[in-house]
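**Student:** Predicted structure and sequence below. I'll ask about it afterward.
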Amino acid sequence: MTKEEALAKVLPAYERYYNVNSESPRPPFAAEAVFSLHDEQYFLIKSARISEADAREYAYFALADELTPEAFEELFEAAWSAGLERISPGPNMRSMDVSLLIIADSISDAARAAIRRAKRSLSHRFGFWGYTHYRICAFDAGTGRITANRMGDHIERTLKSVLGK
């Protein structure tokens with residue numbers, strides 16, 4: 001399976017819940033997706049609102065020929081900064097996550113180790129305005145191996161179900 005075929009299988013899985021942009025994504029990404037959720041609870045009538053909660057996730061999809069630690073670091077920083085530009089914390093925000101999914105022809109062992117230990121998170125106003133976590137997952141199209149950081153386990157499960165690995 002080539003990296004383009006893998007991306008073509010993964011994007012429809014995201015289109016069910018995310019707004020996917022594969023026509024004009026921000027470089028160096030092949031596609032990007034936005035998930036937005038608004039939840040509110042009220043008592044008897046809608047004007048008697050008890051609580052509100054918003055959640056957002058910004059996912060970036062990248063293609064690479066060979067993923068080295070240097071190439072991973074560039075994609076890591078590009079996705080994190082692109083996601084932070086779009087985050088707007090507020091009193092009703094619960095979470096604003098950034099996800100990076102890399103599909104490569106091959107991934108070096110050093111890059112796998114860098115992916116597993118990569119982590120970033122933010123607490124907005126000591127958590128009262130939500131949290132931001134960085135989820136990372138990479139798929140090696142040559143071997144079929146999937147590597148994720150600790151927060152990227154749900155992306156790993158999605159890839160396994162979509163790609164049959």
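**Tutor:** Thanks, I have it. Owing to the predicted nature of the structure, the values given are computational and were not obtained by experimental measurement. Numbers count the residues shown, from 1 in each chain.

**Student:** For the residue nearest the centre of the chain, name its beta-bridge partners.
**Tutor:** In the chain, the residue lying closest to the centroid (Cα atoms, centre = their mean) is Ser99, at 1.6 Å. When assigned by DSSP bridges, Ser99 has beta-bridge partners Ala59, Arg135.

**Student:** any idea where the helices of this structure begin and end?
**Tutor:** 3-15, 69-86, 109-117, 153-163 (DSSP state H).

**Student:** For the second one, give the mean pLDDT please.
**Tutor:** Spelled out, it's helix 69-86. Taken as a whole, helix 69-86 has a mean pLDDT of 95.

**Student:** Could you pull out the buried residues of it?
**Tutor:** In terms of neighbour count (16 or more other Cβ atoms under 10 Å), helix 69-86 has its buried residues at Pro69, Ala71, Phe72, Leu75, Phe76, Ala78, Ala79, Trp80, Ala82, Gly83. C-beta coordinates here come from the backbone N, C-alpha and C atoms, glycine included.

**Student:** Pipe those into a markdown table and attach distance to Asp153 per row.
**Tutor:** Listed next are these as a markdown table, based on distance: Cβ to Cβ, whole Å:
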| residue | distance to Asp153 |
| --- | --- |
| Pro69 | 22 |
| Ala71 | 23 |
| Phe72 | 18 |
| Leu75 | 19 |
| Phe76 | 18 |
| Ala78 | 23 |
| Ala79 | 18 |
| Trp80 | 19 |
| Ala82 | 22 |
| Gly83 | 19 |
